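In: next come a sequence and a model predicted from it.
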Amino acid sequence: MKPRTSPVSVERLSVAYHKKPVLREVTYESPEGELIGIIGPNGAGKSTFIKAILGLLPLTSGSVKIYGQPYRAKQQLIGYVPQRESVDWDFPTDVLDVVLMGRYGKLGWFKRPGKPDREIAMSCLEKVGMTNFSKRQISQLSGGQQQRVFLARALAQDATIYFMDEPFAGVDAATEKAIIQVLQELKAQQKTVFVVHHDLQTVTDYFDSIMLLNMRLIAAGPTKQTFTVENLQKTYGGRLALLPKQSDLEIMG
């Protein structure tokens with residue numbers, strides 16, 4: 001029986017901004033149906049890695065494959081939650097319309113969403129606890145509420161692979177709990193989910209496997225084997241104040 005192709009494969013991927021290298025020679029094959037944390041210090045290239053896979057940034061070198069094919073051939077399988085800070089929240093639209101944008105990949109840009117699409121969008125809002133805000137202007141939402149709306153939009157895409165860029169950044173405890181619940185549901189549906197994440201204290205609770213990035217791929221694999229003091233020191237260098245207590249890692253191991 002032929003083994004199934006990896007959901008996301010990158011080969012010697014390199015990216016530069018204004019000729020300054022940001023990612024260097026990253027080679028990685030993702031597992032399928034797992035929650036994958038992308039971990040590393042600020043400026044390590046975590047968001048760049050996602051954007052390079054999605055074709056939002058040009059590659060200096062290397063290749064990206066989605067189930068063994070170029071991204072453009074499989075882009076309908078992808079859902080994306082960008083950083084909240086990168087969005088113009090003053091744009092005059094309401095919550096339901098934002099979530100309906102997630103349906104255009106299924107419809108094509110020239111077909112208007114119908115009643116079934118609205119029902120799907122409302123179901124996605126229900127999953128993130130935002131049903132009562134469907135007619136609210138997005139500019140009137142709190143940061144946590146905005147993040148939930150973007151998560152609902154990604155769910156409306158009904159994707160196979162999800163990329164989430166710091167979905168937990170600056171959210172309240174209730175929103176974090178809602179996001180985790182959605183991630184667990186996606187995993188139960190055998191979706192593959194990449195999450196850029198900063199809180200090292202919750203890595204072992206949230207993710208099945210991790211990537212440790214600092215311009216290069218330092219380590220990747222199942223969280224229990226990969227989230228070690230040695231690998232974290234290689235990734236973060238001398239910034240040990242950021243790391244979990246060594247005793248916690250030893251207990252985990």
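Out: Sure thing, it's come through. Numbering: from 1, shown residues only.

In: which ones are touching residue 35?
Out: Counting by C-beta atoms under 8 Å, 6 or more residues apart in numbering, residue 35 touches 183, 186-187, 193, 195, 206-209. Placement of C-beta: from N, CA and C, glycine included.

In: also residue 61?
Out: Residue 61 touches 12-14, counting by C-beta under 8 Å, 6+ apart.

In: quick one: pLDDT of it?
Out: pLDDT, residue 61: 94.

In: need phi/psi at it.
Out: phi -160, psi 170 (degrees, to the nearest 10).

In: from residue 224, how far off is residue 92?
Out: Going from residue 92 to residue 224 by C-beta to C-beta, to the nearest Å gives 47 Å.

In: in terms of neighbours, single out the busier of the two.
Out: Per other C-beta atoms under 10 Å, whichever of residue 92 and residue 224 has more neighbours is residue 224, with 13 against 8.

In: what's the distance between that one and residue 209?
Out: Distance from residue 224 to residue 209, by C-beta to C-beta: 9 Å.

In: next one: residue 10
Out: With the distance defined as C-beta to C-beta, residue 10 ends up 15 Å from residue 209.

In: need the contact list for residue 60.
Out: By C-beta under 8 Å, 6+ apart, the contact list for residue 60 reads 14-16, 21.

In: top of those by neighbour count?
Out: residue 15 (21 neighbours).

In: so which of the contacts of residue 61 sit within strands?
Out: 12-14 (DSSP state E).

In: now do the same contact list for residue 217.
Out: Neighbours of residue 217 in contact, by C-beta under 8 Å, 6+ apart: 26-28, 211.

In: quick revisit: from the contacts of residue 61, which is closest to residue 142?
Out: Ranked by distance to residue 142 (C-beta to C-beta), these are led by residue 13 at 36.0 Å.

In: in which helix or strand would I find the nearest residue to the closest one once chain neighbours are set aside?
Out: Once flanking residues are discounted, residue 13 sits nearest to residue 62: 3.6 Å by C-beta to C-beta, 6 or more residues apart in numbering. Taking DSSP states H and E as the definition, residue 62 sits inside strand 61-66.

In: related to what we said a few turns ago, is it true that the residue nearest to residue 13 touches residue 11?
Out: Yes. Using C-beta atoms under 8 Å, residue 62 makes contact with residue 11 at a distance of 5.7 Å.

In: between these two, which contacts overlap?
Out: Common contact partners of residue 62 and residue 11 (C-beta under 8 Å, 6+ apart): none.

In: more neighbours: which of these two?
Out: residue 62 (17 against 14).

In: just the helices in the stretch 101-250 of the chain please.
Out: 104-107, 115-127, 143-156, 173-188, 203-206, 223-226, 229-236, 246-252 (DSSP state H, counting those that start in this stretch).

In: mind checking how far residue 118 is from residue 135?
Out: 12 Å.

In: quick one: which of these two has more around it?
Out: The neighbour comparison of residue 118 against residue 135 (other C-beta under 10 Å) goes to residue 118, with 15 against 9.

In: for the spatially most central residue of the chain, list each beta-bridge partner.
Out: By C-alpha atoms, centre = their mean, the chain has its centre lying nearest to residue 164, at 2.0 Å. Beta-bridge pairing for residue 164 (DSSP bridges): residue 81, residue 195.
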